[in-house]
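Undergrad: curious how this folds, go ahead:
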Amino acid sequence: MAPSQSQPIDVQRFLTREGKDLSYGQLRKLLVDFTSIPGVIGLHGGLPPGDAFPLASLSYTTVEGDKVSLDDAQLYAAQQYVLPSAGLPALREWSRQHVIDLHAPARPDVETVIVAGATQGLSAFFSLFLERGDVLFVEEVSYSQVTEALAIPKGVRVLPVPMDADGALPEALDAAIAELAEREPGTRVKALYTIPTCQNPTGLTTPAARRQALYQVCRRRDILILEDDPYIYLQLPARDGAPVPGLRGLPRNTSYLHLDTDGRVFRIDSCAKFLAPGVRAGWVTVAPALVEPLSMALQAQTLGPCALSQVLTHSLLARWGEEGLHVHLERIQRIYLARLQTLLAAAERHLAGLATWRRPSGGMFLWITVPGLEDTRQLMSDLVEARVVAPPGGIFHPTPGTKNSHIRLAFSFEPADKIEQAIERLGRALRAWKERTSAQ
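TA: Model (predicted):
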């Protein structure tokens, strides 16, 4: 059962100056306002005529054998400027209902806004809520693009929260915020960024009790939660022989939205990992008060996500329905599971005694530890010599130059024979390092 609903916070008070100053622009507002009115003759917008578009029909066949064709209205919407910045209404409604069914938000009035993948959702969050000097807390090791591509250019301070096997430590987050307030009065701590399911790079999933504790810290300290959950559909069984979850077997109510009585969660979902990254589609779930600022931010960036991608994505999801999506997720989960099993077996053969690891809860990565090695960056020359690439753990720490004894291994892309070769080469590189250091 979700927590009882309380009055929402005024989430707009967290907006940056940029977020407060955003507007649709007068021409865009006219275009949106008038195109839906019957009988209006439009001389207001620079819309190309429909008969100038290159696509007269469009259909596709899925790997499951489903044949889908776009009707004339869908095809027109896919090629014109007519979609709202918040996204195709039908796709917004699908995503909102999907979030409600899967996560039972504590506040049922949540809304979804379509974005061009998770990266656009992250970029929009930075535009709306973070400016130079603001503090963003992240898990001790996390998705490096948030720091490198978004935070550093904007002058946002990214601070790590120590982790254990269940994720970020609530008491450490609380202590860090308190210490910062005492040491630097007036510093604006804005949010916690978290990847709660099959985390990148560690592969761990934060359990319910830990999420509850983290949410309470964020609530007490009055900061937002930026929940990035791209791997939720790639959860895998904890033991060999157990069935993959598909859609129906996924754990329910795992989002911070389920706990969020305040409206302080900004959740990002992506189609990249369960459909295809080239689709460049996803959705953000937010409090109703953020729909307009978020839509204006997207309008300023790209006039909203790609219309063709949105129409195709919705046509596929609508054709599948829940049963079709369940079957599709089962199929891709089996693919990922087979690759993970190949990697784990290869690691047992080639890395035993050289590294340690824990089976990930799913996702794309195995996080290994190299005992006795303070910083796995020292292995780079050995990896080049062995002709295998794997990122050292230090690059996932928000503080540049931090030493780390881990390596992230991706099992998602290469076929089984290449995974076997790669792990054999990694073992060779680790042995070369070990022999070299032993001789010193």
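Undergrad: count of neighbours near the residue nearest to Ala390 when sequence neighbours are not counted?
TA: Excluding the flanking residues, the one nearest Ala390 by C-beta to C-beta, 6 or more residues apart in numbering is Ile407, at 5.1 Å. Heads up, the C-betas are built off the backbone N, CA and C, glycines and all. As a burial measure, Ile407 scores 25 neighbours (other C-beta atoms under 10 Å).
Undergrad: just checking, Leu325 touches Leu316?
TA: No - the pair Leu325 / Leu316 is not scored as a contact, 9.2 Å apart, by C-beta atoms under 8 Å.
Undergrad: low pLDDT regions in this structure?
TA: Along the chain, segments meeting pLDDT under 70 span 1-5, 28, 31-32, 35, 439-440.
Undergrad: which parts of it are strands?
TA: Applying DSSP state E to the chain gives strands spanning 59-61, 67-69, 111-115, 135-139, 157-161, 163-164, 167-168, 189-194, 224-228, 265-270, 282-286, 356-357, 365-369, 406-410.
Undergrad: who does the first one touch, helix- and strand-wise?
TA: Going back to what we said before, that points to strand 59-61. Secondary-structure packing of strand 59-61 (3 or more C-beta pairs under 8 Å, 6 or more residues apart in numbering; DSSP states H and E): strand 67-69.
Undergrad: which residues are contacting the strand it packs on?
TA: Outside strand 67-69, the residues that touch it by C-beta atoms under 8 Å, 6 or more residues apart in numbering are 57-62, 315-316, 319.
Undergrad: measure the nearest residue to Arg96 once chain neighbours are set aside to Trp283 for me?
TA: The shortest distance from Arg96 to any non-neighbouring residue, by C-beta to C-beta, 6+ apart, is to Thr112 (4.4 Å). Using C-beta to C-beta, to the nearest Å, Thr112 is found at 5 Å from Trp283.
Undergrad: what touches both of the two?
TA: Residues touching both Thr112 and Trp283 (C-beta under 8 Å, 6+ apart): 87, 92, 95, 99.
Undergrad: what's the closest of those residues to Ala272?
TA: Using C-beta to C-beta, Ser95 is the member of these that lies nearest Ala272, at 14.4 Å.
Undergrad: the residue nearest to Arg96 contacts Leu88, doesn't it?
TA: No - using C-beta under 8 Å, Thr112 is not in contact with Leu88; the gap is 11.1 Å.
Undergrad: check contacts around Glu171.
TA: Applying C-beta under 8 Å, 6+ apart to Glu171 gives no contacts.
Undergrad: ditto for Leu136
TA: Leu136 neighbours (C-beta under 8 Å, 6+ apart): 130, 146, 151, 156-159, 190-193, 226.
Undergrad: now do Leu150
TA: Residues near Leu150 by C-beta under 8 Å, 6+ apart: 122-123, 126, 156.
Undergrad: likewise for Leu337?
TA: So Leu337 contacts 236-237, 244 (C-beta under 8 Å, 6+ apart).
Undergrad: try 10 Å
TA: 234, 236-237, 240, 242-244, 362, 411 (C-beta atoms under 10 Å, 6 or more residues apart in numbering).
Undergrad: how about Cys271, nearest residue that isn't a chain neighbour?
TA: Ala281 (4.5 Å).
Undergrad: the one you found and Val311, how far apart?
TA: Counting by C-beta to C-beta, the gap from Ala281 to Val311 is 10 Å.
Undergrad: which one's more surrounded, these two?
TA: The neighbour comparison of Ala281 against Val311 (other C-beta under 10 Å) goes to Ala281, with 29 against 23.
Undergrad: quick one: the helices in the stretch 51-200 of the chain?
TA: 72-79, 89-103, 118-129, 144-145, 152-154, 170-183 (DSSP state H, counting those that start in this stretch).
Undergrad: and the angle from the first one to helix 89-103?
TA: Relative orientation of helix 72-79 and helix 89-103, computed by axes from the mean of the first three to the mean of the last three C-alpha atoms, to 10 degrees: 90 degrees.
Undergrad: buried set for helix 72-79?
TA: Buried residues in helix 72-79, counted by 16 or more other C-beta atoms under 10 Å: 74-79.
Undergrad: Thr356: which of these is nearest?
TA: Set against Thr356, the nearest of these by C-beta to C-beta is Ala78 (50.0 Å).
Undergrad: how near is that closest one to Gly87?
TA: According to C-beta to C-beta, Ala78 and Gly87 sit 13 Å apart.
Undergrad: among the contacts of Leu136, which pair sits farthest apart?
TA: Arg157 and Leu226 (14.8 Å).
Undergrad: and these two? which has more neighbours close in?
TA: Neighbour count, other C-beta under 10 Å: between Arg157 and Leu226, Leu226 has more, with 26 against 20.
Undergrad: which residue is the nearest non-sequential neighbour of that one?
TA: Take Leu226 and drop its neighbours on the chain: the residue closest to it by C-beta to C-beta, 6+ apart is Tyr193, 4.5 Å away.
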